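Engineer: Fold the following.
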Amino acid sequence: MKPDSSAAPPQRQGYWVRTRRLTLQLMLVWFASTFGIIFFARELSAFTFFGWPLSFYLVAQGAVVLYTVIVAIYACKMQALDKTFENDDHDVN
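Structural biologist: Presented below is the predicted three-dimensional model:
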């Protein structure tokens, strides 16, 4: 039988609320940037960057950099969150 999440200690619930909020925020940044680049590709290709259309450059190079930054932000924030809630570490199954 799966334990009832409402019976979890308030500290653990706070941890998961903050984890989900961070994940949702970063996924919204990911979605908005990816969708925005693709949706506005035709308009962005009017500009050039090092001889390439801006839309191509953003998808080929900028997206990779942005995704790496998103992963780095997630890792740093989760590490800080884990340290904040480490007192509850021994209760985690």
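
Engineer: pLDDT at the residue nearest the centre of the chain, what is it?
Structural biologist: What sits nearest the mean C-alpha location of the chain, by Cα atoms, centre = their mean, is L26, with 2.6 Å. Looking at L26, its pLDDT stands at 97.

Engineer: Now do the buried residues in the host helix or strand of it.
Structural biologist: Per DSSP states H and E, L26 falls inside helix 10-39. For helix 10-39, a neighbour-count test (16 or more other Cβ atoms under 10 Å) marks 15, 19, 26, 33, 37 as buried. Heads up, the C-betas are built off the backbone N, CA and C, glycines and all.

Engineer: From F50, how far off is the third one?
Structural biologist: Note on L26: its distance to F50, by Cβ to Cβ, to the nearest Å, is 29 Å.

Engineer: Now F47. Its backbone dihedrals?
Structural biologist: For F47, the backbone dihedrals (degrees, to the nearest 10) come out as phi -100, psi 150.

Engineer: Enumerate every residue touching it.
Structural biologist: 53-54 (Cβ atoms under 8 Å, 6 or more residues apart in numbering).

Engineer: circling back: tell me the one among the buried residues of helix 10-39 nearest to I70.
Structural biologist: The closest of the buried residues of helix 10-39 to I70 turns out to be L26 (Cβ to Cβ; 5.3 Å).
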